[in-house]
Every structure is written in structure tokens, then in C-alpha cells.
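J.: missing the sequence, but the structure's below:
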């Protein structure tokens, strides 16, 4: 079985994705758990905040690309999609800036 992304404006299939097997999901979960336990939780709050802030920067740098995905896959207007990318970046930046106060 698989699932598909469909362009709501045209009804055309954009991409088909295979379903992950139980073993693939278990492997992905174990990998995520390992990364958390052996990397992320060992970092200082300042290091984590820097990474989150970098994610905000990357969102902004690639805003047109990410907005394009929302337009293609959800039918959002381009300006609205760019606004959502900016909002997401602003949220990441907000928490990164306040992480040291936690």
C-alpha cells in the first residue's frame, strides 16, 4: 500500500510514497531515540537554541521553496504560504531566544 500527494487545483498526483513497514518504523524510532539520548540531551541549552535559531534562518532562506510545497500540496495561495513559513520561522526564533531563560 502507498499514499499520494495530490495537487488540489488539478487533481493530478504529485508524488506517491510507499508505506513504511513495521521494521522500518521501529528502526526510525530507535534511531531518533538514540540521537536524543546520545546527542541532543547532552547539548547545553545554548547549543540547542543555536540549532533551533539556525532552523529559523534556513526556513527564511528557503521560504519560496517551502511555500511552494504548501501551494502545490494544499492549494494555499502563495502569499499565504509564505506567511506560514515566516510564522514558523518566527516561532522557532521566539523559543530559541527565550531558551536561556528556562
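T.: Yep, that arrived. Here the structure is a predicted model, which means the values were calculated and not measured.

J.: give me the number of residues near the nearest residue to residue 51 once chain neighbours are set aside?
T.: When the adjacent residues along the chain are set aside, residue 51 lies closest to residue 43, with 7.8 Å between them (C-beta to C-beta, 6 or more residues apart in numbering). In short, each C-beta sits where N, CA and C put it, glycine included. Here the number of neighbours of residue 43 (other C-beta atoms under 10 Å) works out to 12.

J.: in the chain, which spans are helices?
T.: Applying DSSP state H to the chain gives helices spanning 22-38, 45-61, 63-74, 78-98.

J.: name the helices or strands packed onto the second one?
T.: Other elements packing on helix 45-61 under the criterion 3 or more C-beta pairs under 8 Å, 6 or more residues apart in numbering; DSSP states H and E are helix 78-98.

J.: Pull out the buried positions in the helix it packs on.
T.: Buried residues in helix 78-98, counted by 16 or more other C-beta atoms under 10 Å: 81-82, 85, 88-89, 92-93, 96.

J.: just the angle between it and helix 45-61, please?
T.: 170 degrees (axes from the mean of the first three to the mean of the last three C-alpha atoms, to 10 degrees).

J.: ok and helix 78-98 relative to helix 63-74, angle-wise?
T.: Using the same axes, to 10 degrees, the direction of helix 78-98 lies 120 degrees away from that of helix 63-74.

J.: For helix 78-98, what is the distance to the chain centroid?
T.: Relative to its chain's centre, helix 78-98 lies at 12 Å (C-alpha atoms, centre = their mean, to the nearest Å).

J.: what's that helix packed up against?
T.: Here helix 78-98 touches helix 45-61, helix 63-74, going by 3+ C-beta pairs under 8 Å, 6+ apart.

J.: Present these as JSON lines; the columns should include distance to residue 10, mean pLDDT and mean neighbour count.
T.: Below are the helices and strands packed on helix 78-98 laid out as JSON lines (distance: least, C-beta to C-beta, whole Å; pLDDT from 0 to 100; neighbours: other C-beta atoms under 10 Å):
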{"stretch": "helix 45-61", "distance to residue 10": "27", "mean pLDDT": "97", "mean neighbour count": "15"}
{"stretch": "helix 63-74", "distance to residue 10": "10", "mean pLDDT": "95", "mean neighbour count": "16"}
